[in-house]
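Colleague: This is the structure alone, sequence omitted:
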């Protein structure tokens with residue numbers, strides 16, 4: 001008897017017990033269930049919720065691995081100086097960089113999954129329902145959208161808040177109105193703002209070395225521009241695109257985010273309409289700001305000048321905008337469901353993200369706030385889209401003429417418009 005059969009026998013033995021949901025979760029996570037449908041018509045497919053979540057995790061793993069290398073690279077470069085002639089294998093893809101990133105980031109992943117899944121199991125046992133796989137993606141997203149040195153206890157508190165208040169109180173996976181990962185991120189930002197912003201939190205050990213002779217700076221590009229600086233910074237466009245810049249753990253590499261987005265689109269997991277419209281919205285907002293600077297509506301001494309004068313298309317390759325558009329705006333639960341609604345929803349996310357980024361110099365990043373805001377308005381958007389379609393169909397119905405019965409002997413012509 002193989003492991004799968006043994007687990008199935010144990011499942012039958014303890015069926016109906018209090019801890020059955022917890023055991024079933026472990027069983028179905030490792031193996032597909034033995035039960036199959038016996039009657040009636042059913043849609044048979046392999047893309048269940050677990051496999052959907054695992055597909056998203058596969059798209060996130062490259063960002064996680066890159067973040068480990070980048071954490072070490074930013075730390076050692078801040079101490080020893082950035083190389084004059086950068087070499088990918090000599091300066092970035094090194095064991096020292098990876099090891100430092102791994103011992104720093106993996107604890108974040110473990111705490112995120114550990115705390116979140118324990119709470120999921122507790123609620124499943126109390127309510128007597130199966131453990132839902134929705135947290136599989138959330139547990140991976142959370143470590144990727146926070147600074148590398150976020151204290152573990154702080155992360156644990158935020159995860160507990162996000163899972164309980166952001167999801168379970170609404171009924172669990174599929175019932176929440178806010179993205180759980182962004183709820184956790186928002187809690188961290190408002191509860192512990194000094195650990196989520198500034199020029200020290202983005203590079204490993206910069207906080208501990210602050211005020212000493214070995215102090216280092218980990219200022220991001222957005223943070224530099226938010227201070228009104230207009231001079232050129234040391235990072236090139238290729239650095240921004242490939243991700244060799246300070247930032248949250250998994251948000252720096254636009255290249256890997258782009259590849260992950262294409263993977264999710266071709267696997268039909270994420271909506272290309274939301275991604276494309278969000279990109280368009282951010283470009284439009286960036287163009288408006290660039291136009292305001294070009295027309296000299298904003299003086300150079302303005303505190304908004306640095307970010308307003310930043311090239312509109314570069315907003316997509318710095319900060320967390322690209323990551324948020326690909327992995328969190330496309331959440332099928334909290335996003336718009338109608339096709340037209342997805343265009344509106346995505347456009348407003350990109351538009352508002354850049355707006356908040358520019359007008360909030362204290363924390364020059366707005367994508368998580370924009371997505372949470374649009375999560376709230378997504379049902380409203382879909383409501384008006386559906387009502388608009390209903391009104392169009394009612395108007396077509398009023399313009400239609402119904403054919404009389406042949407027995408009536410009337411010779412009226414029909415003018416029927418498809419409803």
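Modeller: That came in fine, so what should we check first? Since the model is a prediction, treat every value here as computed from it, not as a measurement. Residues are numbered from 1 along each chain as shown.

Colleague: Check whether residue 113 sits in a helix, strand or coil.
Modeller: Following DSSP: H, G, I helix; E, B strand; the rest coil, the label given to residue 113 is helix.

Colleague: Count the residues that sit near the closest residue to it other than its chain neighbours.
Modeller: Once flanking residues are discounted, residue 113 sits nearest to residue 139: 4.1 Å by C-beta to C-beta, 6 or more residues apart in numbering. Yep, even glycine has a C-beta here, placed from its N, CA and C like the rest. Neighbour count of residue 139, defined by other C-beta atoms under 10 Å: 25.

Colleague: Name the next helix or strand downstream of whatever helix or strand residue 139 lives in, please.
Modeller: Element membership for residue 139, per DSSP states H and E: helix 135-144. Toward the C-terminus, helix 135-144 is succeeded by helix 152-166 as the next helix or strand (DSSP H and E).

Colleague: Got the confidence number for residue 170?
Modeller: pLDDT for residue 170: 86.

Colleague: In contact with the nearest residue to it once chain neighbours are set aside, which residues are there?
Modeller: Computed as C-beta to C-beta, 6+ apart, the closest residue to residue 170 that is not its neighbour in sequence is residue 176, at 4.7 Å. Counting by C-beta atoms under 8 Å, 6 or more residues apart in numbering, residue 176 touches 166, 167, 170, 333, 334.

Colleague: which parts of stretch 238-252 are buried?
Modeller: 239-252 (16 or more other C-beta atoms under 10 Å).

Colleague: what stretches of the protein score poorly on pLDDT?
Modeller: For the chain, the stretches flagged by pLDDT under 70 are 1, 4, 7, 10-11, 14-48, 129, 213, 230-231, 361, 401-419.

Colleague: any idea which residue sits dead centre in it?
Modeller: The residue lying closest to the centre of the chain (C-alpha atoms, centre = their mean) is residue 328, at 2.4 Å.

Colleague: shouldn't that residue be in contact with residue 182?
Modeller: Yes - with contacts counted by C-beta atoms under 8 Å, residue 328 reaches residue 182, the gap being 5.9 Å.

Colleague: who touches both of those two?
Modeller: 368, 371.

Colleague: can you give me the helices in the stretch 251-400 of the chain?
Modeller: Assigned by DSSP state H, counting those that start in this stretch, the helices in the stretch 251-400 of the chain fall at 254-266, 272-294, 305-308, 321-323, 339-359, 367-398.

Colleague: Who are the packing partners of the longest one?
Modeller: In this case it means helix 367-398. Applying 3 or more C-beta pairs under 8 Å, 6 or more residues apart in numbering; DSSP states H and E, one finds that helix 367-398 contacts helix 180-191, helix 339-359.

Colleague: can you tell me which of these comes nearest to residue 266?
Modeller: helix 339-359 (17.5 Å; C-beta to C-beta).

Colleague: And the closest one, what does it pack against?
Modeller: helix 272-294, helix 305-308, helix 321-323, helix 367-398.

Colleague: any idea how far residue 320 is from the residue nearest to residue 113?
Modeller: Distance of residue 139 to residue 320, computed by C-beta to C-beta, to the nearest Å: 18 Å.

Colleague: just residue 261 next, same as before
Modeller: Separation of residue 261 from residue 320 (C-beta to C-beta): 14 Å.

Colleague: Neighbours of residue 2, how many?
Modeller: 8.

Colleague: In JSON lines, list the helices and strands packed on helix 339-359 along with distance to residue 94 and mean neighbour count.
Modeller: Converted to JSON lines, those look like this (distance: least, C-beta to C-beta, whole Å; neighbours: other C-beta atoms under 10 Å):
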{"stretch": "helix 272-294", "distance to residue 94": "33", "mean neighbour count": "20"}
{"stretch": "helix 305-308", "distance to residue 94": "34", "mean neighbour count": "22"}
{"stretch": "helix 321-323", "distance to residue 94": "24", "mean neighbour count": "28"}
{"stretch": "helix 367-398", "distance to residue 94": "31", "mean neighbour count": "16"}
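
Colleague: Out of the contacts of residue 176, name the two that are farthest from one another.
Modeller: 166 and 333 (11.4 Å).

Colleague: more crowded one of the two?
Modeller: Shown here are residue 166 and residue 333; by other C-beta under 10 Å, residue 166 has more neighbours (24 against 17).

Colleague: How about the more buried one: what's its closest non-neighbour residue?
Modeller: That would be residue 183: by C-beta to C-beta, 6+ apart, it lies 3.4 Å from residue 166.

Colleague: about what we covered before: between residue 261 and residue 320, which one's more packed in?
Modeller: Between residue 261 and residue 320, counted using other C-beta under 10 Å, residue 320 has the larger neighbour count: 25 against 20.
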